[in-house]
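>>> this is a predicted model, with the sequence first.
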Amino acid sequence: MRGMADFDTRWSIRVYYEDTDAGGVVFYANYLKFFERARTEWLRSLGIEQLELARNTGMIFIVRATALDYLSPARLDDLVVIKSRIERIGGASVDFLQEAWRDAPDGSSELLARGSIKIGCVASDTLRPGKIPAHVRLAMQSAARTAQALADAAARSAAA
């Protein structure tokens, strides 16, 4: 079983003026943008380009549902690390857990937001659900297994 600190991927983003609201903190909806970018870059790291996927298979990924908890604000110029992991891969959907963290210069980290994101695979022309293409599913499963193996090895090492 995974612990909350075990994540498949990490992606960093700097907070700019455009990301903040009148109070000087990251506007709440921008966390969804940050999470989207992290998932897209993760797919890209697996060799899956979304435009190419649509052209070659007629399938696209869409966000079906989100649930976010906002725990602490990010501010202008913060470096935010988005941590993502797959919780479940279904026939036509993928459930992600994503977290936004701020890393401080002293080495400490603070959890800013946590989200559960459900992604559906749909036909680009009809938007009807369809199976995740086999090569995409295999790449995701392989990445998740590798991350789990690394997390298990780290846990064994820490316990020794």
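Sure thing, it's come through. Numbering: from 1, shown residues only.

>>> now the residue sitting nearest the centre point of the chain: phi and psi?
The chain has residue 84 as the residue nearest its centroid, 3.8 Å off, counting by CA atoms, centre = their mean. Residue 84 adopts backbone torsions of phi -130, psi 150, taken as degrees, to the nearest 10.

>>> mean confidence for the biggest strand by length in the chain?
For the chain, the strand with the greatest residue count under DSSP state E is strand 109-123. The average pLDDT for strand 109-123 rounds to 97.

>>> list the buried ones in the helix or strand bottoming out on mean pLDDT in the chain?
Lowest mean confidence among the helices and strands of the chain (mean pLDDT, DSSP states H and E): helix 134-159, at a mean of 83. Buried residues in helix 134-159, counted by 16 or more other CB atoms under 10 Å: 136, 137, 139, 140, 143, 144, 147, 148, 151. Any C-beta I mention is one placed from the backbone N, CA and C, and that applies to glycine too.

>>> right, and residue 100 touches residue 70 too?
No. Under the criterion of CB atoms under 8 Å, residue 100 makes no contact with residue 70, lying 9.2 Å away.

>>> those two: which has the busier surroundings?
residue 100 (27 against 15; other CB atoms under 10 Å).

>>> in which helix or strand does the more buried one reside?
Residue 100 belongs to strand 93-103 when elements are defined using DSSP states H and E.

>>> ok, that strand: who's next to it in the sheet?
Using DSSP bridges, strand 93-103 pairs in its sheet with strand 79-89 (antiparallel), strand 109-123 (antiparallel).

>>> quick one: low-confidence ranges for the protein?
1-7 (pLDDT under 70).

>>> what's the spacing between residue 138 and residue 144?
With distances taken as CB to CB, to the nearest Å, residue 138 is found 11 Å from residue 144.
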